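Enquirer: give the three-dimensional model of this entry:
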Amino acid sequence: MTAQHPDFDDEQAYIERAYDCLERSREDAWKVRDLTEAGVGGTFQNRFERNAIDEQLVKRLTDLELGDAALVFGRIDRLGEPGGGDDGIESFHIGRLAVADENRDPVVVDWRAPVAEPFYRATGRQPMGLARRRHFIVEGPKLLGIEDELFGEGHLGIGHDDGLATEGVVHSSGLRGFSTLMASIERGRTGQLGDIVATIQSEQDEIIRSPQPGVLVVQGGPGTGKTVVALHRAAYLLYTNRFPLEDQGVLVIGPNRVFLRYIERVLPSLGEAGVEQVVLNDLVPDVGFGGGVDRRDAPLAARVKGDIRMIDVIDKAVLDRERPLRDELVVPYRTGYVRLPASESERIIRAARRRFRRHNAGRKWVENEVWQALASSSRDGSTAAAEVREALRTTDEMRIAFERMWPILTPAQLLHDLFGSRALLKSAAQKYLSEAEIDSLYRPRAADVDEVRWTDDDAALLDEAFVALGPKPQKNGKIDEADEIRTYGHIVVDEVQDLTPMQLRMVARRSLSGSMTIVGDIAQATGAHAPASWDDVLAHLPAPRAGREDTNRVIGLSVGYRIPGQIMELANRVMEAATPGLRAPTAVRLGPSAPVFVEASAADLLDTAARATADLLAVLAGGNVAVVTPDHLADAMADALATHGIEHGRASRSALDTGVTVVPVGLVKGLELDGVVVVEPARIVDGEIQGMRSLYVALTRSTQRLTIVHSGELPAPLR
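Expert: Predicted structure coming up:
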């Protein structure tokens, strides 16, 4: 039996004191809030200041609410000035947020503070002034174990690891707090991504603390922690650049809603609850999306809609709606008529195109020019344009004329008309797309634009159309700034390798200053426009600004923490077939067993997969399991699990909230589970645009065990 660490009781007492100080801070915040809530009178300035204070207090109370997350997870002992007491050693306890005692002396240092940096960065060769680094294994306020790492020679005596590490020295793997890290990784999955604030490694910390300006690309294979690193970077930037970044906003874009549900607790657990987390569709307001895998476009249509040539197609579609009259317009007015020759309408259209960059902004000017031309054509030639407008603006003739010449359009109206008319498609696209590509965009018109179920690939086109059209003017002809596209001070994009050029443009136009963190893995690119390198992605994102320190950087994560070595070895064979030349991450641990292959007959495939799921559940003893299927088999797989009495959920409906979840391969990216059953790999390869890469993604979701069930011949890398 391992002896208890000699400092165990003292550290437990310190942690309990930290929680007491945290509770006192929470109580003090409530007291102040109670004072600010008293009464609703006073001047406007009084009420404004009271509301501002209350907002800050609510945020503070939110920050102080940890839930089940641990407050304190480590300590550093730093070499101080000689003669400074305690042999020149000064100690700092590192935690999730800063906590002070009643005298305002620090009890816990926020993990993002500069003084905490050595906790993540110090190595044996570069100790950064540390004598010792201490890691706590904790469950909330309860201390379970201590792991020490010593630097230098004999500053603090012999290290002690409470049976968690080797001899209290930096682990030979180069990983910080190896035993603490392994305990975190091997803890069962909950269906929600947890933070890694206690176990951030040096290469991850370098990314988290990188300067804000420019686009930072994080290339990381499965299990390297790229997603959680990007989220910690967002929290770090908000801490170090609170003003103005909090007002400018931070946006996190995920690949699908299952993924957003999976990551939703990470930033709140780090004290940053105000970050906006969306999928791309959410950035297009007032439009209904079908969502889910059943609303995918056909492969050719998906590829065309993501192609950069669609910019020209949309611009031409807008120009096609700016049309002169075919014939002279003659409208009864008073005892005679007013006229607008077709040639005059053509002049007005040409002039409006020159004057206005965005279509809708030109409508008021076009109307005024038309009223002026009609007034000039009156019998005496001195009629005021306002008089003509007042008399004729509600007539059918004028409404029809304006709708032909310069209609007010929403993005949805423009694309609904375009995709529902072969003639409009041909006119807009014949210079840019092939006949087959044009045909792929056509779809029958709905009875009303509000009834259209848009696909995920339409979102970027609707956004591009908004850029060309602009918002609808108000009755006075002016544009409300609230209707413009919102920009953000920093944007995080996950699984960015799957975004099309048009989607990347959609992201880029929401960046206020070009500050972005984008993460992904070229080997996991499964979209219609899979990039060959990160240069293909950066080409569509903000470029560094001349005269500024902005730089676009690519940083790689080389260590795979999550995936056991046996599973990674198998997946790497698939990766080599899918993307020759890319380097796989290095796994830091072995799992309990090698991947298991189960062969079944075609008729018994799903029943066999259900039985394999039950077996995996029994071995994991309550772990979280995903059954990953080709998209078209998801429903049938769910029925088979129900037949076998296995309680389960569907990723598209319940995320990973149940012990067993059926996950179509199109939704599995970015998730991690204790065990995974992959059903019919050959059909995954055949059914996806980037089939071998999709299989690679499916194989790399497990932290412990992998089972592969198949009836057909296995893809070559798995044989």
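
Enquirer: give me the contact list for stretch 652-666.
Expert: For stretch 652-666, the surrounding residues in contact (C-beta atoms under 8 Å, 6 or more residues apart in numbering) are 189, 191-192, 257-258, 261-262, 292-293, 296, 613, 617, 622-631, 634, 637-638, 641, 646-651, 667, 671, 673, 684, 688, 694, 697-698. In short, each C-beta sits where N, CA and C put it, glycine included.

Enquirer: chain center to it: distance?
Expert: Remark: stretch 652-666 is offset 19 Å from the chain centroid, using C-alpha atoms, centre = their mean, to the nearest Å.

Enquirer: how about it: buried residues?
Expert: 652, 655, 656, 658, 659, 660, 661, 662, 663, 664, 665, 666 (16 or more other C-beta atoms under 10 Å).

Enquirer: tell me how far the fourth one lies from residue 617.
Expert: Okay, so that is residue 658. 12 Å (C-beta to C-beta, to the nearest Å).

Enquirer: shaky segments in the stretch 151-300 of the chain?
Expert: Under the criterion pLDDT under 70, the flagged ranges of the stretch 151-300 of the chain are 153-174, 188-189, 288-295.

Enquirer: if we can go back for a sec, from the contacts of stretch 652-666, which ones fall inside strands?
Expert: Of the contacts of stretch 652-666, the ones assigned to strands by DSSP state E are 625, 626, 627, 628, 629, 649, 650, 673.

Enquirer: looking at those residues, spot the one nearest residue 516.
Expert: residue 673 (29.1 Å; C-beta to C-beta).

Enquirer: show me the contacts for that closest one.
Expert: Applying C-beta under 8 Å, 6+ apart to residue 673 gives the contacts 189, 623, 624, 625, 626, 656, 661, 701, 702, 703.

Enquirer: just the CA atoms of stretch 440-452, as CSV, please.
Expert: Extracted C-alpha coordinates of stretch 440-452, given in CSV (Å, rounded to 0.1, in the frame of the first residue of the first chain):
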residue,chain,number,x,y,z
SER,A,440,-28.2,20.2,-60.3
LEU,A,441,-29.3,23.5,-58.8
TYR,A,442,-32.9,23.3,-60.1
ARG,A,443,-35.6,22.3,-57.7
PRO,A,444,-39.4,22.7,-58.0
ARG,A,445,-40.8,25.9,-56.6
ALA,A,446,-42.7,25.8,-53.3
ALA,A,447,-46.1,27.5,-53.1
ASP,A,448,-44.6,30.1,-50.8
VAL,A,449,-41.0,31.1,-50.0
ASP,A,450,-41.7,30.6,-46.2
GLU,A,451,-42.4,26.9,-47.0
VAL,A,452,-39.0,26.2,-48.5
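
Enquirer: can you give me the helices in the stretch 451-600 of the chain?
Expert: All helices of the stretch 451-600 of the chain, identified by DSSP state H, counting those that start in this stretch, fall at 458-469, 501-508, 534-538, 565-578.

Enquirer: counting contacts, what elements does the first one pack onto?
Expert: In other words, helix 458-469. Contact partners of helix 458-469 among helices and strands, from 3 or more C-beta pairs under 8 Å, 6 or more residues apart in numbering; DSSP states H and E: helix 299-306, helix 310-319, helix 411-419, helix 501-508.

Enquirer: I'd like to know how many residues surround residue 647.
Expert: Neighbour count of residue 647, defined by other C-beta atoms under 10 Å: 10.

Enquirer: for residue 383, same thing?
Expert: Counted with other C-beta under 10 Å, residue 383 comes out at 18.

Enquirer: which ones are touching it?
Expert: 338, 375.

Enquirer: what does residue 109 give?
Expert: Each residue near residue 109 by C-beta under 8 Å, 6+ apart is listed here: 92, 93, 94, 95, 98, 115, 116.

Enquirer: go again with 10 Å.
Expert: 72, 74-76, 92-95, 97-99, 115-116, 119 (C-beta atoms under 10 Å, 6 or more residues apart in numbering).

Enquirer: next: residue 561.
Expert: Residue 561 neighbours (C-beta under 10 Å, 6+ apart): 175, 181-182, 184-185, 196, 199, 201, 204, 223-225, 228, 585, 587-589, 703.

Enquirer: hang on, the earlier thing: for residue 5, find the nearest of the helices and strands packed on helix 458-469.
Expert: Using C-beta to C-beta, the helices and strands packed on helix 458-469 put helix 501-508 closest to residue 5, at 48.3 Å.

Enquirer: and the closest one, what does it pack onto?
Expert: Helix 501-508 sits against strand 250-253, helix 299-306, helix 310-319, helix 458-469, strand 490-493, strand 516-520, helix 534-538, with contacts defined as 3 or more C-beta pairs under 10 Å, 6 or more residues apart in numbering; DSSP states H and E.

Enquirer: between those, which one is closest to residue 481.
Expert: Closest among the helices and strands packed on helix 501-508, using C-beta to C-beta: helix 458-469, at 14.5 Å.

Enquirer: how far off helix 310-319 does the closest one point, in degrees?
Expert: Going by axes from the mean of the first three to the mean of the last three C-alpha atoms, to 10 degrees, helix 458-469 is angled at 50 degrees with respect to helix 310-319.

Enquirer: helices of the stretch 201-350 of the chain, start to end?
Expert: Going by DSSP H, counting those that start in this stretch, the stretch 201-350 of the chain shows helices at 202-208, 226-240, 242-248, 257-263, 266-269, 299-306, 310-319, 342-355.

Enquirer: mind putting the helices and strands packed on helix 458-469 into CSV with distance to residue 462 and mean neighbour count?
Expert: CSV is the format used below for the helices and strands packed on helix 458-469 (distance: least, C-beta to C-beta, whole Å; neighbours: other C-beta atoms under 10 Å):
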stretch, distance to residue 462, mean neighbour count
helix 299-306, 11, 20
helix 310-319, 10, 20
helix 411-419, 4, 21
helix 501-508, 9, 22
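
Enquirer: to residue 250, which of the ones you listed lies closest?
Expert: Closest among these, once you apply C-beta to C-beta, is helix 501-508, at 13.6 Å.

Enquirer: mind checking how far that closest one is from the chain centre?
Expert: With C-alpha atoms, centre = their mean as the basis, helix 501-508 stands 13 Å off its chain's centre.

Enquirer: returning to that earlier point: mean pLDDT and distance to residue 331 for the helices of the stretch 451-600 of the chain - can I get that in JSON lines?
Expert: Formatted as JSON lines, the helices of the stretch 451-600 of the chain follow (pLDDT from 0 to 100; distance: least, C-beta to C-beta, whole Å):
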{"stretch": "helix 458-469", "mean pLDDT": "96", "distance to residue 331": "28"}
{"stretch": "helix 501-508", "mean pLDDT": "98", "distance to residue 331": "43"}
{"stretch": "helix 534-538", "mean pLDDT": "96", "distance to residue 331": "55"}
{"stretch": "helix 565-578", "mean pLDDT": "92", "distance to residue 331": "66"}
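
Enquirer: ok, and the closest non-adjacent residue to residue 90?
Expert: Of all residues not flanking residue 90 in the chain, residue 80 sits nearest, at 4.4 Å (C-beta to C-beta, 6 or more residues apart in numbering).

Enquirer: confidence score at the one you found?
Expert: For residue 80, the model assigns a pLDDT of 73.

Enquirer: tell me which residues in stretch 18-34 are buried?
Expert: Here stretch 18-34 shows 18, 19, 21, 22, 25, 29, 33 as buried, counting by 16+ other C-beta under 10 Å.

Enquirer: quick one: buried residues of the helix or strand harbouring residue 606?
Expert: Element membership of residue 606 [criterion: DSSP states H and E] is helix 605-620. Buried residues in helix 605-620, counted by 16+ other C-beta under 10 Å: 605-606, 608-617, 619-620.
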